[in-house]
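Peer 1: Sequence isn't available, so here's the structure alone:
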């Protein structure tokens with residue numbers, strides 16, 4: 001079990017990975033059978049300090065994106081949310097996507113992606129939930145929400161979700177952006193008509209195939225950061241596929257959590 005001190009040190013070190021010496025560019029390489037993808041921290045850039053958010057251009061290859069989508073097809077069910085009081089999953093019009101979970105034992109490709117996530121975030125693999133694959137069709141969305149837990153029940157296993165890695169598996173013609181309504185960087189981003197009205201309500205990231213967004217739901221002292229409030233804007237043209245990796249403060253026990261996770265909250 002990792003201590004709060006370990007978490008604090010890890011979170012503080014992360015910004016250094018966004019601007020490392022060039023000689024470290026290809027130190028980590030994930031070998032995934034037919035696909036080999038080098039971890040290149042020089043491709044990561046800071047977006048905001050409040051919340052702490054980073055983007056990695058080309059985190060996944062096109063082949064990896066297509067592979068994750070193919071694994072999910074035919075297995076998608078309606079996404080759900082967690083009840084703020086009980087922690088139980090429930091349906092909500094706030095979240096209208098469909099999805100499913102993929103465990104790292106699925107195959108070598110998924111295992112390689114998991115290793116690359118750990119290398120980028122500087123957080124242990126065992127602290128992460130299985131990757132959730134999501135599909136947003138026309139008009140589907142996820143309204144503004146936080147990833148850390150309000151209820152006590154979900155904090156009992158692994159603690160709060162400390163960080164989220166959101167990987168975009170497809171391009172979207174219009175809409176589907178990830179927006180941070182209260183980000184300090186909101187005023188620094190000019191937006192033309194290619195952005196949806198939803199995206200214009202805060203600092204936003206367009207869903208470009210292969211890119212990944214990392215943001216922290218906790219401050220460096222491991223307290224919740226309300227500024228991590230975010231939303232998935234409605235898809236206006238096309239459809240959106242994404243993969244989400246939630247990483248907890250402590251080790252996350254997959255076998256115990258699997259029943260709840262099957263309900264997709």
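Peer 2: In hand now; what should we look at? Owing to the predicted nature of the structure, the values given are computational and were not obtained by experimental measurement. Residues are numbered from 1 along each chain as shown.
Peer 1: Quick one: the helices in the stretch 51-200 of the chain, in order.
Peer 2: For the stretch 51-200 of the chain, the helices defined by DSSP state H, counting those that start in this stretch occupy 62-72, 108-121.
Peer 1: Highest mean neighbour count out of those helices?
Peer 2: Of all the helices of the stretch 51-200 of the chain, helix 108-121 has the most neighbours on average by mean count of other CB atoms under 10 Å, namely a mean of 21. (Glycine included, C-beta is placed from N, CA and C.)
Peer 1: Below-threshold pLDDT in this structure: ranges please.
Peer 2: 1-36, 78-96, 151-156, 253-265 (pLDDT under 70).
Peer 1: possible to save the helices of the stretch 51-200 of the chain as a markdown table with distance to residue 167?
Peer 2: Output for these, formatted as a markdown table (distance: least, CB to CB, whole Å):
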| stretch | distance to residue 167 |
| --- | --- |
| helix 62-72 | 8 |
| helix 108-121 | 8 |
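Peer 1: Which one of those helices lies nearest to residue 198?
Peer 2: helix 62-72 (23.4 Å; CB to CB).
Peer 1: Off-centre distance for that closest one?
Peer 2: 16 Å (CA atoms, centre = their mean, to the nearest Å).
Peer 1: Remind me what that helix packs against, helices and strands.
Peer 2: strand 35-39, strand 98-102, helix 108-121, strand 131-136, strand 240-248 (3 or more CB pairs under 8 Å, 6 or more residues apart in numbering; DSSP states H and E).
Peer 1: one step back: for residue 137, which of the helices of the stretch 51-200 of the chain is the nearest?
Peer 2: helix 62-72 (13.5 Å).
Peer 1: picking up where we left off before, make JSON lines out of the helices and strands packed on helix 62-72 and add distance to residue 218.
Peer 2: Listed next are the helices and strands packed on helix 62-72 as JSON lines, based on distance: least, CB to CB, whole Å:
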{"stretch": "strand 35-39", "distance to residue 218": "24"}
{"stretch": "strand 98-102", "distance to residue 218": "23"}
{"stretch": "helix 108-121", "distance to residue 218": "13"}
{"stretch": "strand 131-136", "distance to residue 218": "19"}
{"stretch": "strand 240-248", "distance to residue 218": "10"}
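Peer 1: Can you say which of the ones you listed is nearest to residue 211?
Peer 2: strand 240-248 (10.3 Å).
Peer 1: ok now the closest one, how far from the chain's centre?
Peer 2: Using CA atoms, centre = their mean, the offset of strand 240-248 from its chain centre is 4 Å.
Peer 1: With stretch 142-153 instead?
Peer 2: 14 Å.
Peer 1: repeat for stretch 163-180
Peer 2: 9 Å.
Peer 1: buried set for it?
Peer 2: 163-172, 174-180 (16 or more other CB atoms under 10 Å).
Peer 1: Restricted to strands, list the residues you listed.
Peer 2: In strands, defined here by DSSP state E, the members of those are 163, 164, 165, 166, 167, 168, 174, 175, 178, 179, 180.
Peer 1: Find the pair from those residues with maximum spatial separation.
Peer 2: Maximum distance among these (CB to CB): 28.5 Å, for 163 and 174.
Peer 1: JSON lines please, covering the ones in strands among the buried residues of stretch 163-180 and showing distance to residue 186.
Peer 2: What follows is those, written out as JSON lines (distance: CB to CB, whole Å):
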{"residue": "163", "distance to residue 186": "21"}
{"residue": "164", "distance to residue 186": "19"}
{"residue": "165", "distance to residue 186": "22"}
{"residue": "166", "distance to residue 186": "19"}
{"residue": "167", "distance to residue 186": "24"}
{"residue": "168", "distance to residue 186": "21"}
{"residue": "174", "distance to residue 186": "20"}
{"residue": "175", "distance to residue 186": "19"}
{"residue": "178", "distance to residue 186": "13"}
{"residue": "179", "distance to residue 186": "9"}
{"residue": "180", "distance to residue 186": "8"}
